[in-house]
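Engineer: Give me a 3D structure for the following:
(chains A and B)
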Amino acid sequence: MKTASPFLELDDAPRVTVTFDGMPLSLPEGANLAATLLAAGVEVFRHTPVSGAPRAPFCMMGACFDCLVEIDGVVRQACMIEVSDGLKISKPHEAQDDPA
Amino acid sequence: MTRRDLVTIGAGPAGMAAAAKAAGLGLSVTVLDEQPRPGGQIYRDVDRAAPLRGDILGPDYAHGASLTAGLRQDGIDHVPGAVVWAIEEGFRISYTRDGQGAQIMADRVLLATGALERPMPVPGWTLPGVMAAGAGQILLKQSGVLARRAVLVGSGPLLYLIAAQMVRAGTPPAAMVETQTRSDITRAMRHLGGAMRGWRYLAKGLKLLAEITRAGVPRYTAARDIAIEGTDRAEAVCFTRRGRTHRLACDTVFLHHGVVPNTQAARSLGVTHRWSTAQGCFVPSVDDWGETDVPGVFIAGDGAGIGGAGVAEIAGRLSALKLAEQAGRLSTSERDRQAAPLRTAMLREMAVRPFLDAAYPPCAEALLPADSTIVCRCEEVTAGDIRSYAGLGCLGPNQTKAFGRAGMGPCQGRYCGLSVTALLAEANGQTPDETGHYRIRPPLKPVTLGELAGMETASQNAAE
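Structural biologist: From the prediction side, this is the model:
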């Protein structure tokens, strides 16, 4: 997955484990969640409630709300969150039981 | 509840410079900022990123560290991670931090909320892999994340800056698709004399262009009929140029055709906004200190009209002078004496704008998009939908909400407001001022019941 990412990551920071839709990902601790999910190869962050179209980060500054994800039952902007160990992230309103 | 002489919203160049100056003049200042670290978007995360990749980002970026240093002084309480969602008379400011609501009172408020990318609705702009060019720069500044195979699309100096930074980082863009034409540049030449006073910016622009050319990045100017292809994500940029059709395969598309003031907070306070023909957007009405027609509400930086980081920094200091005068900390004559050199510097910083505005106009087809193009990203309302509402008698942006929910999604019209005004104005034969803009009300950002419930204790304390 990592090599397939359209993004390249310059920094080398200590990593922690989070899950996205149940899939474990190793992300740099304290990094911007939206940026680091993109770098990890996550392409679709959510589907729109209107047509089900796929969406991913667009503005990276908290204005467009296209990077919405669900964490602990709350829908939040991934670009306004820092990575911490154990985050369970899913597409909003598409949460499945964690296979783990 | 805490009451401060001044609360500044935003910790970009305007907010940081204003806070430092105001605190230096004896005001108690709180800076509320959404980001975890100061800098705004232009100097995003500068304290952490400049030492890591200052060579890629350049000296103008590193300059931001002098402003973040100014925040670390007595008299300034910098509150990072604070998402402001209401500013009420008096002034009572409500915000969320760490999942908890909070409030603070201020005698005066300075809005330093900066700019947003001008919306660039072209076919396919909602696909994953399509981002604002500013977002591409934020990825690089804050996170050291670079797009491997990107095409930059649109017009304006920011495109050259990000392209040059990508070159320096070793991942040059696959191509640049630019919408400005030779006649735009010809028209801009009459402003060149005036722009020479801002020669430093012109020299920087030429240097960036040289870096891009030397790296062999293909540039396609005068591009039209731009569309992004892809089913689940962006796969290619298509356009025509001099009658020929081009298709450039890519993974990432960065769109940009200028920035516009972020007016959400100012509008929610009832500040008057007027259409600026030169900038092609609404700007708040402010005096030459940044004070609005709502007493005690000031705006500095790009939020008051686009001028860039240099102008924002000076504007912040000018606002601080009048704020200090109103608070009784500075005589009128001393205020004016300190303002004089700032105004001279401001003129120099502004000198290049008329040339840039003429040379890199917004992309016309994205100002009035084709019927099938989505303009409201949140509610997926197309340009054709807006035109059909006009045909049914819809006169203003607020009515479009009732017709089809445009502007009612979580972004609250930030990325469709200007498009909806332009489409309605065109369809109804009105000016943008006659058509108007969405009415903006709190909450400015979504707030949860849990965050509201957490505020109870603070409010009780205030009532006592």
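Engineer: bridging residues for residue 88?
Structural biologist: Going with chain A. The partner list for A:K88 in beta bridges (DSSP bridges) reads A:T19.
Engineer: nope, chain B
Structural biologist: Beta-bridge partners for B:E88, by DSSP bridges, are B:R92.
Engineer: just for chain A, where's the confidence low?
Structural biologist: Low-confidence segments of chain A (pLDDT under 70): A:1-3, A:95-100.
Engineer: Which residue lies nearest the spatial centre of it?
Structural biologist: Taking Cα atoms, centre = their mean, the centroid of chain A lies closest to A:L37, which sits 4.5 Å from it.
Engineer: and that one, backbone torsions?
Structural biologist: phi -70, psi -40 (degrees, to the nearest 10).
Engineer: What separation do you get for it and B:H191?
Structural biologist: Noted for A:L37: a distance of 43 Å to B:H191, by Cβ to Cβ, to the nearest Å. In this view, the C-beta of every residue, glycine as well, is placed from N, C-alpha and C.
Engineer: B:G436 now?
Structural biologist: Counting by Cβ to Cβ - B:G436 and B:H191 are separated by 31 Å.
Engineer: what does A:R46 give?
Structural biologist: For A:R46, the distance to B:H191 equals 44 Å [Cβ to Cβ].
Engineer: of the two, who's got more company?
Structural biologist: A:R46 (23 against 18; other Cβ atoms under 10 Å in any protein chain shown).
Engineer: residue boundaries of the strands in the stretch 101-250 of chain B?
Structural biologist: Per DSSP state E, counting those that start in this stretch, the stretch 101-250 of chain B carries strands over the ranges B:115-117, B:130-132, B:145-147, B:150-154, B:175-178, B:219-220, B:224-229, B:236-241, B:244-249.
Engineer: how about the first one against chain A, any contact?
Structural biologist: Spelled out, it's strand B:115-117. Yes: Strand B:115-117 comes into contact with chain A (Cβ under 8 Å from any Cβ of the partner chain), by way of B:L116, B:E117.
Engineer: what's the answer for the fifth one, then?
Structural biologist: No: residues of strand B:175-178 contacting chain A under Cβ under 8 Å from any Cβ: none, with a closest distance of 15.3 Å.
Engineer: The third one too?
Structural biologist: Yes: with Cβ under 8 Å from any Cβ as the criterion, chain A is reached by strand B:145-147 at B:V145, B:L146, B:A147.
Engineer: Distance-wise, check B:G303 relative to B:A150.
Structural biologist: Distance from B:G303 to B:A150, by Cβ to Cβ: 29 Å.
Engineer: out of those two, which sits in the busier spot?
Structural biologist: Between B:G303 and B:A150, counted using other Cβ under 10 Å, the more crowded position is B:G303 (32 against 29).
Engineer: Assign a three-state SS to that one, would you?
Structural biologist: Following DSSP: H, G, I helix; E, B strand; the rest coil, we place B:G303 in the helix state.
Engineer: Disregarding flanking residues, what is the spatial nearest neighbour of whichever residue of the stretch 251-400 of chain B sits closest to chain A?
Structural biologist: Of all residues in the stretch 251-400 of chain B, the one sitting closest to chain A is B:D251 (3.5 Å; Cβ to the nearest Cβ). In space, and not counting its chain neighbours, B:D251 is closest to A:P6: 3.5 Å by Cβ to Cβ, 6 or more residues apart in numbering or on different chains.
Engineer: That neighbour: how many residues sit nearby?
Structural biologist: 20.
Engineer: Could you do the one 10 residues further on as well?
Structural biologist: If you count neighbours by other Cβ under 10 Å, A:V16 ends up with 17.
Engineer: Surely it touches A:A31?
Structural biologist: No: at 9.6 Å, A:V16 does not count as touching A:A31 under the criterion of Cβ atoms under 8 Å.
Engineer: what's the overlap in contacts for the two?
Structural biologist: In the contact map built from Cβ atoms under 8 Å, 6 or more residues apart in numbering or on different chains, the residues linked to both A:V16 and A:A31 are A:V83.
Engineer: out of the residues of strand B:145-147 next to chain A, which is most surrounded?
Structural biologist: With neighbours defined as other Cβ under 10 Å, the most crowded of the residues of strand B:145-147 next to chain A is B:A147; it has 27 neighbours.
Engineer: quick one, what contacts it?
Structural biologist: Shown in contact with B:A147 (Cβ under 8 Å, 6+ apart): A:P6, A:F7, A:L8, B:G136, B:L139, B:M166, B:T171, B:P173, B:D251, B:T252, B:F254.
Engineer: Recalculate using a threshold of 10 Å.
Structural biologist: A:5-8, A:38, B:129, B:131, B:136, B:139-140, B:162, B:166, B:171, B:173-174, B:250-254 (Cβ atoms under 10 Å, 6 or more residues apart in numbering or on different chains).
Engineer: Buried only: go through the residues you listed for me.
Structural biologist: Neighbour-count burial (16 or more other Cβ atoms under 10 Å in any protein chain shown) applied to the contacts of B:A147 gives A:5-7, A:38, B:129, B:131, B:136, B:139-140, B:162, B:166, B:171, B:173-174, B:250-254.
Engineer: Restricted to helices, list those.
Structural biologist: A:L38, B:G136, B:I162, B:M166 (DSSP state H).
Engineer: Just give me the closest of the residues you listed to B:G230.
Structural biologist: Distance to B:G230 across these (Cβ to Cβ) is lowest for A:L38, with 16.0 Å.
Engineer: From B:D225, how far off is the closest one?
Structural biologist: Counting by Cβ to Cβ, the gap from A:L38 to B:D225 is 29 Å.
Engineer: Over to B:R348?
Structural biologist: 40 Å.
Engineer: go on, B:G40?
Structural biologist: 35 Å.
Engineer: Which of those two has more residues huddled nearby?
Structural biologist: Ranked by neighbour count (other Cβ under 10 Å), B:G40 and B:D225 place B:G40 first, with 29 against 14.
Engineer: Assign that one to helix, strand or coil.
Structural biologist: Secondary structure for B:G40, judged by three-state DSSP, is coil.
Engineer: which ones are touching the residue nearest to it when sequence neighbours are not counted?
Structural biologist: Counting by Cβ to Cβ, 6+ apart, B:G40 lies nearest to B:G12, which is 2.1 Å off, once chain neighbours are set aside. Taking Cβ under 10 Å, 6+ apart, we find B:G12 in contact with B:33, B:35, B:38-44, B:64, B:67, B:112-115, B:300-303, B:309, B:312-313, B:316.
Engineer: The same query, at a cut-off of 8 Å, please.
Structural biologist: With contact taken as Cβ under 8 Å, 6+ apart, B:G12 is in contact with B:G39, B:G40, B:Q41, B:I42, B:Y43, B:A112, B:G114, B:G301, B:A309, B:A312.
Engineer: Quick check: closest non-adjacent residue to residue 10.
Structural biologist: No chain in the question, so chain A it is. Closest to A:L10 by Cβ to Cβ, 6+ apart is B:G144, at 3.5 Å.
Engineer: Correction: the question concerned chain B.
Structural biologist: B:A112 (3.7 Å).
Engineer: ok so, going back, surely the residue nearest to B:D251 meets B:P128?
Structural biologist: No: shown here, A:P6 and B:P128 do not form a contact pair, counting by Cβ under 8 Å, at 9.9 Å.
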